[in-house]
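Chemist: Turn this into a structure:
(2 chains)
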Amino acid sequence: MPTYKLQINGVSQEIEATPDMPLLWALRDNLDMVGTKYGCGIGQCGSCTVHVDGYATRSCQLQVSQLEGKEITTIEGLSQDGSHPVQQAWKEVDAPQCGYCQSGQIMTASAFLESNPNPSREEIRSAMHGNICRCASYNRIENAVVMAAEKKMA
Amino acid sequence: MSTIISTKFSRRSFLRTSSLASGGMLIGFNFFTACKDNVKMPVDISKLNYNDFNAFIKISDEGMVTLFSPNPEIGQGVKTSMPMIIAEELDVPWANVNVVQGILDTQNYTRQVAGGSQSIRFGWDALRQTGATARQLLVNAAAARWGVDPSECSAKQGVITNAKGETLGYGDVVKEAAKLQIPTSEGAEEEESKSENPEFKDTKAQEVAGKVKLKDPKDYTIIGTDVGNVDIDKIITGKPLFGLDYKVEGMVYASVLRPPAFGQVLESYDDGAAKAVPGVLDVIKIGEKAKALLEKEQVNWTAILSPSEKVVVIAENSWAAIKGKKALDAKWTESSPLESTKAHDKILTDLLDGNEFQNMRKDGDVQKAFKEADKIVEQTYESPFLPHNTMEPMNFFADVTDSKILLVGPVQTPADAASTVAELLGRNQEDIRLEMTRMGGGFGRRLYGDFVYEAAEISDKIRRPVKMFSTREDDMMTGVYRPAIKYRIAASIKNGEVTGYHLKEAAVNGNMYGLIPNFFPAGAIENYQVDVANYKSNITTGAWRAPYTNFLSFAEQSFLDELAENLDKDPVQMRLDLLEKVKGTTDDRIQYSAERLQDVLKLAVEKSGYRNPKDGVYQGVCAYYCHNTHVAEVADVVMEGNQPVVKKITVAVDCGIVINPLGAKNQIEGGAIDGIGHSMYSDFVFENGMATSNNYDKYRLIRMKETPIVETHFVKNTLSPTGLGEPALPPAAAAVAIAMKKATGNRIYKQPFLRNMDSKPILG
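Modeler: Numbers count the residues shown, from 1 in each chain, chains lettered A, B, ... in the order given. Model (predicted):
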């Protein structure tokens, strides 16, 4: 099996995998980074969202062979200790119910706020529309993004 | 209806204490019942076997409190709210409390089931009593050390104070407390002490033993405050928490190929291509044992067993397992007819038109009322099957060896799952250890243990630790579904009053059960009848968040609104008047409280501005009782262009004492939005026994832009708390449909609503 060098959370990781292995499963099974979640496998639910060169991307749709030289950030690398303003806002708002989709939600929100630091509620709702929360904690997710934007501006 | 003061705990034997070799004190208790008398306490915390009690409080020498909570967490917040109740009565700062998910106790298990919004309702008395007893034990220990009477001492925030103002921390007295007699409750009969240390014969301690007294709700410092999810730090940093995250050295991954259509069984398969996939280790067949068990009598209600054998791909990683399964070439044969939604539609309609009903409740003479009526209103309401679609798909870890079986994962009925596995594999229950993980959603799906048995059967065969996991497609196509149901409701009107009400249900497989036919408007109408009929299908159906009421509420509340229109009455006043007739009822089948339902209705009307809606805002109102909680909801709909848009839901809830408002509101917001999303968008169709949707590109769940704002208001009282995982869901669809009627002039009788309307998205 070929080996690939991936740059994940600032660390170079070498994995042995078939070229078509989605980044999602490489993270979860090969690298024991299970914060990135499987939800649908077809890029529809957003549970597996990571940052690739700063952009929110569905890791179930990325093959490891396409990723050499890319900077990948996962929920484990968003901050060392959960101190990222989006993570802190999530905690303050107490956004999760079951919590399964939340790392994907946080990754989508954090990339979005980098590109739009002072969004309207309407922009937030559009940006977060691709991430399904089956428990429907959408009101809280929206409020957490609003709060995170305020924290980042402060 | 019990009040807060009532408690059934006259015995003290439901609790045991022990000192720990590692320091500190361990209090064992059973969450929901008094225990047997011959139980033993573990002395080493690292060897807790959970055989005697199903929950523990550990108080360290430093006064830190660890609660080992046994109830599975599926997102409804009990892992936070139940420990809050103990901590309240124990009187410790919440910051000093750490909560750890317990392991299944298969011996003394009582109600370790997350379902039916019952956890809080059953736990309330026991949890308070446990915390209060532990507090009194510590007070008694401090009093003994000071040589004073316990009545001169008080405990607050983990510190015991005597009359002279001297203080001792809980941690300072744990060693002595562990040896003391367990104090009895005030008013309880004296009983022999059940201390774990029979050698402790200090009669003086017994003499000074102060009695356990529960707190007055006005003194609560934790209950009623906003407490964040106890797992929040792990969730926001992506730490392993869920079943799918569980992993051990040497574990392999298994993907199961099940029949693609209900009614099919495996005939043969070719695994050549699958075995050639890099990373695939083996391909095996399972299902013989489950089939054998299926032929025996009913195991337990949670056991859903397939009549078909299944092909399993064992691989080094998940991706190889998924690819290997795709490469399998399997042939299927029909063992029973392949069914379709189209055929079900006709079958259920025929059932409603026919005479083969089972009666669930009959008051007065509906036929006579209908004969004498000035007018009869009749409508039929229809709902599709619904998959649960938990975000975390079904999965379970199993490690079967000759000496033991370890099962780890997300399941709502752990005791039943463990006992079915014992039966399936012909093993002793004692060999099985089942550990629960946090669950990525349940909604009823994880009540059924099929995925646990699959994992166990695979590991039994390959004798390796294995993680069985389903893909989204597996979950959607080979699931357990909310049954398709049709209701036909007719009411008679005479001299401007409702004189008769007849509800008929036709359902695929299941019918409404238990007390549901006695919910409102039962008791409010003199001639009242509920009849059910069902069609036995080979498609597996089961509980889905707020079973039966999730759709029944839509049908009944929509109908009541139409009835009010026919009577030319205000729909709120009509409900209040009907409820007035139930007050003082002697019918003990009636579970709901007319007063409480009136109160939530009035609160929702007041808070939503229902009497004076803003220009262009159309409001629908309804009130419903289910799962022991009374809820009323008002939906605000506006027209944007030609499109009705749901903007806001105002929810009024009476769930008794609100343990954790922050968590409670999350449940209510989620429940209301879930109810709207599924009634508005979610459709699920079978053709030739096969689901036509298998993933989120073909199945629509509500998303952020479609979500209304939910505003929650609680009725403030000191009644015993009831659960919130389900009750906010059922009323939501009716409130929206009634508001839509005002906005568009059209009534909706069928879910999903979009099938009745324009297929463009309806934004929230």
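
Chemist: What is the helix or strand containing B:Val452 packed up against?
Modeler: Following DSSP states H and E, one finds B:Val452 within helix B:450-462. Of the remaining helices and strands, those touching helix B:450-462 by 3 or more CB pairs under 8 Å, 6 or more residues apart in numbering or on different chains; DSSP states H and E are strand B:252-257, strand B:280-286, helix B:288-295, strand B:310-315, strand B:395-400, strand B:405-409, helix B:414-425, strand B:466-469. Every C-beta, even on glycine, is put in place using the N, C-alpha and C of the backbone.

Chemist: Could you measure from B:Gln129 over to chain A?
Modeler: 28 Å (CB to the nearest CB, to the nearest Å).

Chemist: Give me the number of neighbouring residues for that residue.
Modeler: By other CB atoms under 10 Å in any protein chain shown, 24 other residues sit near B:Gln129.

Chemist: Check whether it really touches B:Leu214, as I assumed.
Modeler: Yes: contact criterion CB atoms under 8 Å: B:Gln129 and B:Leu214 qualify, at 7.2 Å.

Chemist: And for the residue in chain A positioned nearest to chain B, the neighbour number?
Modeler: Closest to chain B within chain A is A:Gly35: 1.8 Å, counting by CB to the nearest CB. Number of residues near A:Gly35 (other CB under 10 Å) recorded here: 26.

Chemist: Stretch B:550-567 and chain A, are they touching?
Modeler: No: shown here: stretch B:550-567 not in contact with chain A (CB under 8 Å from any CB of the partner chain), separated by at least 13.9 Å.

Chemist: before we move on, the earlier item: next, the contact list for the residue of chain A closest to chain B, please.
Modeler: Going by CB atoms under 8 Å, 6 or more residues apart in numbering or on different chains, A:Gly35 touches A:Thr74, A:Ile75, A:Glu76, A:Ser103, B:Thr237, B:Gly238, B:Lys239.

Chemist: swap the cut-off to 6 Å and go again
Modeler: Residues near A:Gly35 by CB atoms under 6 Å, 6 or more residues apart in numbering or on different chains: A:Ile75, A:Glu76, A:Ser103, B:Gly238.

Chemist: farthest-separated two in these?
Modeler: With distances taken as CB to CB, the most widely separated pair in these is A:Glu76 and A:Ser103, at 8.8 Å.

Chemist: joint contacts of these two?
Modeler: Joint contacts of A:Glu76 and A:Ser103 (CB under 6 Å, 6+ apart) are A:Gly35, B:Gly238.

Chemist: Of those two, which one has the most company?
Modeler: The residue with more neighbours, out of A:Glu76 and A:Ser103, is A:Ser103; 29 against 21, by other CB under 10 Å.

Chemist: Domain map for chain B?
Modeler: B:15-225, B:243-336+B:394-469, B:357-385+B:482-756 (automatic domain parsing).

Chemist: show me where chain A has strands.
Modeler: A:3-8, A:11-16, A:49-52, A:55-58, A:71-73 (DSSP state E).

Chemist: Name the stretch among the ones you listed that sits most buried.
Modeler: Mean neighbour count (mean count of other CB atoms under 10 Å in any protein chain shown) peaks for strand A:49-52 among the strands of chain A, with a mean of 26.

Chemist: Verify the contact between B:Met439 and B:Gly409 for me.
Modeler: No: using CB atoms under 6 Å, B:Met439 is not in contact with B:Gly409; the gap is 8.6 Å.

Chemist: So which residues on chain A come close to chain B?
Modeler: Proximity of chain A to chain B, by CB under 6 Å from any CB of the partner chain, involves residues A:18, A:21, A:25, A:29, A:34-35, A:39-42, A:44-45, A:75-76, A:82, A:87, A:90-91, A:94, A:96-103, A:125, A:128-129, A:132, A:134-139.

Chemist: quick one: buried residues of stretch B:603-610?
Modeler: Using 16 or more other CB atoms under 10 Å in any protein chain shown as the test for burial, stretch B:603-610 gives B:Leu603, B:Ala604, B:Val605, B:Lys607, B:Ser608, B:Tyr610.

Chemist: what does it rub up against?
Modeler: B:Val572, B:Gln619, B:Val621, B:Ala632, B:Val634, B:Thr650, B:Ala652, B:His713.

Chemist: what about 8 Å?
Modeler: With contacts defined as CB under 8 Å, 6+ apart, stretch B:603-610 is touched by B:572, B:611, B:619, B:621, B:623, B:632-634, B:636, B:650-652, B:711, B:713, B:715.

Chemist: What about chain A: which of those residues touch it?
Modeler: By CB under 8 Å from any CB, no member of the contacts of stretch B:603-610 lies near chain A.

Chemist: Go ahead and build a ChimeraX selection from the buried members of these.
Modeler: This is how ChimeraX selects the buried members of the contacts of stretch B:603-610, with burial counted by 16+ other CB under 10 Å:
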select /B:572,619,621,623,632,633,634,636,650,651,652,711,713,715
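
Chemist: The residue lying closest to B:Arg446 once chain neighbours are set aside - how many residues pack around it?
Modeler: Leaving out its chain neighbours, the residue that sits closest to B:Arg446 by CB to CB, 6 or more residues apart in numbering or on different chains is B:Gln412, at 4.1 Å. Using other CB under 10 Å, B:Gln412 is surrounded by 26 other residues.

Chemist: so who does A:Ala111 touch?
Modeler: A:His51, A:Gly54, A:Tyr55, A:Ala56.

Chemist: re the thing from before, give me the common contacts of B:Met439 and B:Gly409.
Modeler: Counting by CB under 8 Å, 6+ apart, the residues touching both B:Met439 and B:Gly409 are B:Gly243.

Chemist: Next, the buried residues of the longest helix that chain A contains.
Modeler: The longest helix of chain A (DSSP state H) is helix A:138-153. Within helix A:138-153, the residues that qualify as buried are A:138-149, A:152, counting by 16+ other CB under 10 Å.

Chemist: And for stretch B:459-469, what's in contact with it?
Modeler: B:244, B:246-248, B:250-256, B:282, B:284, B:286, B:289, B:312, B:314, B:318, B:321, B:393-401, B:405-406, B:425, B:451, B:454-455, B:458.

Chemist: repeat that for 6 Å
Modeler: With CB under 6 Å, 6+ apart as the criterion, stretch B:459-469 contacts B:248, B:250-254, B:284, B:395-400, B:425, B:454-455, B:458.

Chemist: low-scoring stretches of chain B, by residue?
Modeler: Along chain B, the parts satisfying pLDDT under 70 run over B:1-16, B:21-22, B:29-55, B:69-76, B:101-122, B:185-210, B:297-298, B:755-764.

Chemist: mind listing what the helix or strand where B:Ala507 lies pairs with, with the direction of each?
Modeler: Using DSSP H and E, B:Ala507 falls within strand B:497-508. Paired neighbours of strand B:497-508 in the sheet (DSSP bridges): strand B:485-494 (antiparallel), strand B:527-535 (parallel).

Chemist: give the contact list for the residue in the stretch 301-450 of chain B that chain A sits nearest to.
Modeler: Nearest residue of the stretch 301-450 of chain B to chain A (CB to the nearest CB) works out as B:Gly440 at 3.1 Å. By CB under 6 Å, 6+ apart, the residues touching B:Gly440 are A:Cys98, A:Tyr100, B:Phe242, B:Thr390, B:Met391, B:Glu392.

Chemist: what about 10 Å?
Modeler: A:37-39, A:47, A:98-101, A:134-135, B:74-75, B:241-245, B:390-393, B:395, B:410, B:446 (CB atoms under 10 Å, 6 or more residues apart in numbering or on different chains).

Chemist: Can you verify it is assigned to a helix?
Modeler: No: B:Gly440: not assigned to a helix; according to DSSP: H, G, I helix; E, B strand; the rest coil it is coil.

Chemist: sorry, back to before: next, format the strands of chain A as JSON lines and append mean pLDDT.
Modeler: Below are these laid out as JSON lines (pLDDT from 0 to 100):
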{"stretch": "strand A:3-8", "mean pLDDT": "97"}
{"stretch": "strand A:11-16", "mean pLDDT": "96"}
{"stretch": "strand A:49-52", "mean pLDDT": "98"}
{"stretch": "strand A:55-58", "mean pLDDT": "98"}
{"stretch": "strand A:71-73", "mean pLDDT": "98"}
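
Chemist: Thank you kindly, that will do.
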